[in-house]
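**Student:** Whatever this is, show me its structure:
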Amino acid sequence: MNRSIFCLFLVLCGVANTGVALSETVLIPQGIMAVDGRTAPDLKLENLDGQTFDIKEARGHWLFVHFWASWCAPCRREMPTIQAMAEQLASSPLELVLVNTAETEDEVFSFLGIVAPDLGSLLDLDGSTTERWQPRGLPSSFLVDPEGKIRYLALGGRQWDQSQYVEFLRGLMSSGQ
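**Tutor:** Sure thing, here's the model as predicted:
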């Protein structure tokens, strides 16, 4: 049975929830969806230190673009796991791009100081960048490939520090997916 038919079989039988192999090294964990590969929308924002991040200048490696807000309960639970994931992937070329949606600098600073003190975030003060990305709710994480194309999407919170997600991200970076 070829791989395409086998993957279709898994989806039809409901087995795909345990993950579908894309290659020998990349397994998509439950809750992450492969998407169409459209070009990532513009994203040019400042962080709490006033430094500007421009997605156009971040080509050449994978980006984990994560939209969140402090009032979002799943975001509150998920943020420490993103910090732990970042620590596990510290030597990898994956770049974390956290985008706070329409909150003040004080709200973002206070939240991160308590929940994930080692993470920084970009500030989408007016929500316009979030509108362009259309995350369909918070939290939402987009995985953008080295060419600037959105390849995967995770809607809702997850335990990013669990091995299935960390290994998935490592597999993406090593396989060129």
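**Student:** what about the helices in the chain?
**Tutor:** 3-13, 73-88, 105-115, 128-133, 163-175 (DSSP state H).
**Student:** Give me the contacts around the fourth one.
**Tutor:** Helix 128-133 is contacted by residues 40-45, 65, 67, 99, 101-102, 124, 140, 142 when judged by C-beta atoms under 8 Å, 6 or more residues apart in numbering. Yep, even glycine has a C-beta here, placed from its N, CA and C like the rest.
**Student:** got it, and the second one?
**Tutor:** Helix 73-88 is contacted by residues 66, 68-70, 96, 98, 111-112, 115-119, 138-139, 156-162, 165-166, 169 when judged by C-beta under 8 Å, 6+ apart.
**Student:** Which of these are buried? Put it as a ChimeraX command.
**Tutor:** To isolate the buried ones among the contacts of helix 73-88 in ChimeraX, judged by 16 or more other C-beta atoms under 10 Å, type:
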select :66,68,69,70,96,98,111,112,115,116,138,139,157,158,159,160,161,165,166,169
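**Student:** rank the helices of the chain by pLDDT, which is bottom?
**Tutor:** Ranked by mean pLDDT, these bottom out at helix 3-13, which scores a mean of 33.
**Student:** quick check, nearest of the contacts of helix 128-133 to Gln51?
**Tutor:** Leu45 (9.9 Å; C-beta to C-beta).
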